[in-house]
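A.B. asks: Curious how this folds, go ahead:
(one chain, ligands or ions: 1)
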Amino acid sequence: MKQRTVKERIDFEGVGIHTGERSRIVLHPEPENTGVRFYRNGVYIPALPEFVVNTFHSTDLGSEGVVVKTVEHLMATLHLLGVSNLTVEVLEGSEIPILDGSGYLYYRELKDKVVKQTEDAQILKIEEPVVVERGDTYIKVLPCSCFEITYEGEFETYLGKQRYTFRGNVRDIILARTFCFEHEIEFIRKNGLGKGGSLENTLVIGKEGVYNEGGLRYQDEPVRHKVLDLIGDLYLLGMSVRGKFISYKGGHTLNFELVKALYKNLASVRV
Ligand code: ZN
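C.D. replies: As a prediction, the model looks like this:
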């Protein structure tokens, strides 16, 4: 697989789901071996594990006191499209626009603008099983030349147990939106988060159904969104990854534990 970038600048604007700020970003093409990085207030922030500053309800990157919040859905889109070299300039706000809460609008704008470069891309191929755990949750990864992700969730409310396996078809996950449960909203707001959250960008799940007009986009939309989040967080490895992932109730914090575990071994498993 060759390295890839975008052929021209691409603009997005919207609201930050947690800050509630208006947000404007520009994606700029970059030469080979630049990697994916963010740029805000004169500071470059590489999309790598050592720049992760928060994983509570979003994945945030920072350097020299400059933070860019909620990078995961854009990162998932870049991972799915194999975009290896790109600068995401944050012109306004401190958070990546949430748009409709999924990766769809990023994917739609980018997919025809991705161009191949000349050098080969690095790919992390999992060669031995790795497990990370936290309480009753875990993520396991097994060697495979595939990129397969199974997510299993157990939700209070009518959703109950859901299990979904992604086998590479982007359309199966790209529309899955950020979600929250009605009973969590007060807690999220108390933590100063979710200020930009609305039914326009978040699937709000009540005891017996969802509040969004039009209902669910997939009958198991929440677990599909969790897969999207994991794909985004995995791209913090700085390269695409091949393997079979099984996440039981994982979230950003556990995803990041896995990224750190894989990153530590990178030198020995790099191909
Ligand atoms: Zn998400």
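A.B. asks: What does the residue of the chain most remote from its centre show for phi and psi?
C.D. replies: When distances are taken from the C-alpha mean of the chain, residue 208 lies farthest, 27.9 Å away, according to Cα atoms, centre = their mean. Dihedral pair for residue 208: phi -120, psi 0, per degrees, to the nearest 10.
A.B. asks: Helices along this protein, start to end?
C.D. replies: Secondary structure of the chain by DSSP state H: the helices cover 72-81, 104-110, 185-190, 221-234, 252-264, 266-269.
A.B. asks: and the ion, which of those is closest to it?
C.D. replies: Among those, helix 221-234 comes nearest to the ion, with 4.2 Å by Cβ to the ion. Using the backbone N, CA and C atoms, a C-beta is placed for each residue, glycine as well.
A.B. asks: Establish whether that closest one and the ion are in contact.
C.D. replies: Yes: using Cβ under 5 Å from the ion, we find that helix 221-234 touches the ion at residue 229.
A.B. asks: Only C-alpha atoms, please: export that helix in CSV.
C.D. replies: Coordinates of the C-alpha atoms in helix 221-234 are reproduced here as CSV (Å, rounded to 0.1, in the frame of the first residue of the first chain):
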residue,chain,number,x,y,z
GLU,A,221,-26.0,1.9,15.5
PRO,A,222,-24.3,2.3,19.0
VAL,A,223,-22.0,-0.7,18.6
ARG,A,224,-21.2,0.3,15.0
HIS,A,225,-20.2,3.8,16.3
LYS,A,226,-18.0,2.2,18.9
VAL,A,227,-16.2,0.4,16.1
LEU,A,228,-15.7,3.7,14.3
ASP,A,229,-14.2,5.2,17.5
LEU,A,230,-11.8,2.3,17.8
ILE,A,231,-10.7,2.7,14.2
GLY,A,232,-10.0,6.4,14.9
ASP,A,233,-8.1,5.7,18.1
LEU,A,234,-6.0,3.0,16.5
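A.B. asks: what's near enough to touch residue 95?
C.D. replies: 16-19, 21, 23, 68-70, 196 (Cβ atoms under 8 Å, 6 or more residues apart in numbering).
A.B. asks: And it, what's its pLDDT?
C.D. replies: The predicted structure scores residue 95 at 98 on the pLDDT scale.
A.B. asks: What residues does the chain have near the ion?
C.D. replies: Counting by Cβ under 5 Å from the ion, the residues of the chain lying close to the ion are 178, 229.
A.B. asks: if we go to 6 Å?
C.D. replies: Near the ion, the residues belonging to the chain are 72-73, 178, 225, 229 when assessed by Cβ under 6 Å from the ion.
A.B. asks: now these in a markdown table, with pLDDT and neighbour count?
C.D. replies: A markdown table is the format used below for these (pLDDT from 0 to 100; neighbours: other Cβ atoms under 10 Å):
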| residue | pLDDT | neighbour count |
| --- | --- | --- |
| 72 | 98 | 25 |
| 73 | 98 | 32 |
| 178 | 97 | 23 |
| 225 | 98 | 27 |
| 229 | 98 | 25 |
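A.B. asks: in the chain, which helix or strand is least confident?
C.D. replies: None of the helices or strands of the chain scores lower by mean pLDDT, DSSP states H and E than helix 266-269, at a mean of 58.
A.B. asks: can you put the helices of the chain in a markdown table and add distance to residue 32?
C.D. replies: As requested, these are arranged in a markdown table below (distance: least, Cβ to Cβ, whole Å):
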| stretch | distance to residue 32 |
| --- | --- |
| helix 72-81 | 16 |
| helix 104-110 | 19 |
| helix 185-190 | 41 |
| helix 221-234 | 22 |
| helix 252-264 | 22 |
| helix 266-269 | 19 |
